[in-house]
Structures are given as structure tokens and as C-alpha cells.
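# Here is a sequence with its predicted model. Questions after.
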Amino acid sequence: MTGPELVDTSELERSSVVANNTMNRERGLAGVNSYTRELGVDLLTHLARPAPSWLDLCSGEGRALREAASALPADAVLTAVDLVGPLVPLPTPPTMEEITASVSTWTPTRPYDLITCVHGLHYVGDQLGLLGRAASWLTGDGLLLAHFDPESIRWADGGGEAGRAVVAELRAAGFAYDARRHLLTLRGARRPALAFTYMGADPTAGPNYTGQPAVGSHYTPTVTDTAG
Ligand SMILES: C[S@@+](CC[C@H](N)C(=O)[O-])C[C@H]1O[C@@H](n2cnc3c(N)ncnc32)[C@H](O)[C@@H]1O
């Protein structure tokens, strides 16, 4: 069985599926088009703690963090990371930093109480690599919330059922997966070792459950040498 032609991260990030200006990049904190609605979690309640910190990966226009800034104390740390950043730049509140970078290579310099990736993984090649790294960026009781489509995980040889295997691995590593919301949740920092080796991305995978074109992420099972 042969799979589709795969591209590397820099080619993926230049592809039309990632540079798609019809994506919904404008979710606010609460209301009809919001993180609260997509995640089903009251994020401000989770952030009701001293010096709260929130990292939003694939943050789009950064509206949710911007709105949270006005409700959080002056020592809060709010970090937005997006490949293209806001298309309509606005002044940032003092507690908020906006970083234009790829989440595939960017690394924070501090842990976070809350890490979100709202409909962002759909455009990332090595989704499992990012999930593993983000899990290690949480504080001890931090919360990671990320939309995830198991059907976007494919075996590099084109064989089926990678999605079931990956959900089982993620659950074994401590993640909860809500299939109805397509939502992964993890509480507390850890360094999961997922037995998937990233091989490349398929930008022609087609629309996912959101209706938007999304990326196929191709892996091979990691073979661990147990001999000796
Ligand atoms: C569907 S939008 C969601 C934006 C925001 N989370 C929201 O819900 O309003 C997906 C975002 O992912 C960003 N993105 C795609 N690939 C990325 C990457 N490799 N690194 C950082 N951001 C990326 C896009 O620029 C876009 O802003």
C-alpha cells in the first residue's frame, strides 16, 4: 500500500490549507463564537489563582486572551502564539504577549497553568510531537485543552486505523478524549512517550469534521529495541 506524497513542515506552512483566510480566527472568550463554547470549560474559573498563566497555541486574532486580560490580575501572564499573528493588529494589554511563530518549533521559557489549542492542531504536521511537548509545559496542576481529530492521524504507508491506536496511546499517557467535542484534556505536567514516529504531512487530506480543509499527519509505529 502506498500513501500520499508527504511534505515537510516548511512546505506545509506555505500550503494553501494553512494559509486559508476563511478559517475562524476570531473566537472570543465567551459567547456564541468563543473558547468557552468550543471547550465547554469556564477558563476564568480555572485561572482564579495567584499570578495565573495561559498559553494559547494557534491563537488567531488573540481575542480570547485579550478579553481575559481585562478580567485577570496585573501579574497574569497571557501568551498568544500564531504562525501569522493577528491580521488586524491591536494594542496588546500589558499582561499579554503576542508571538508570531510556528508552534512546531517554538518553545516557551516558563510553565503555564492553562494551555489551549482551539482548532489549531488541524493545521499542524507533527500533532503528536506538539501534544507531547505542550504536556511538558504545564504547571503541576495545569490544564491542557486541545481540539484533536483522530482521523487526521494516518499510517505513512496508507494503512488504516491509526486514529484508534493514537487515542489509546494518548489515554494511556494520561489524556482524556471527548469524541463528541473532539477534545483532548490533560491535567498536570508530564512527558508522554508516544510510540509514533512522524514522517510528514499531507496538505491534500481534505476537509475534517469542522468542514475546513485540514492536514493529514503521517506516522510509523516507533520500534523500540528491547534486545540486550
Ligand atoms: C482555525 S484558526 C483558530 C484560531 C483561534 N484559536 C480561534 O479559535 O479563534 C487556526 C489558527 O492556527 C494557526 N496556525 C496554523 N498552523 C500553525 C502553526 N504551525 N503554528 C502556529 N499557528 C498555526 C493559523 O494561523 C490560525 O490562526
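Sure thing, it's come through.
# hey, where'd the strands end up in the chain?
Applying DSSP state E to the chain gives strands spanning 53-57, 77-82, 96-100, 112-117, 138-147, 153-155, 176-178, 183-187, 196-202, 216-221.
# Quick one: low-confidence residue ranges for this protein.
1-2, 225-228 (pLDDT under 70).
# May I have stretch 87-102 as CSV, with CA atoms only?
Extracted C-alpha coordinates of stretch 87-102, given in CSV (Å, rounded to 0.1, in the frame of the first residue of the first chain):
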residue,chain,number,x,y,z
LEU,A,87,-4.5,40.0,10.7
VAL,A,88,-5.9,43.1,12.4
PRO,A,89,-3.2,44.2,14.9
LEU,A,90,-4.5,46.0,18.1
PRO,A,91,-2.5,47.3,21.1
THR,A,92,-1.8,44.4,23.5
PRO,A,93,-2.8,44.6,27.2
PRO,A,94,0.3,44.8,29.5
THR,A,95,-0.2,41.2,30.7
MET,A,96,-0.4,39.8,27.1
GLU,A,97,2.4,38.9,24.7
GLU,A,98,1.8,38.1,21.0
ILE,A,99,4.3,35.8,19.4
THR,A,100,4.4,35.2,15.7
ALA,A,101,6.0,31.8,15.3
SER,A,102,5.2,28.2,14.4
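# if I pick Asp113, what's in contact with it?
Residues in contact with Asp113 (CB atoms under 8 Å, 6 or more residues apart in numbering) are 46-47, 49, 52-54, 138-139, 141-143. All C-beta spots, glycine's among them, are computed from the backbone N, C-alpha and C.
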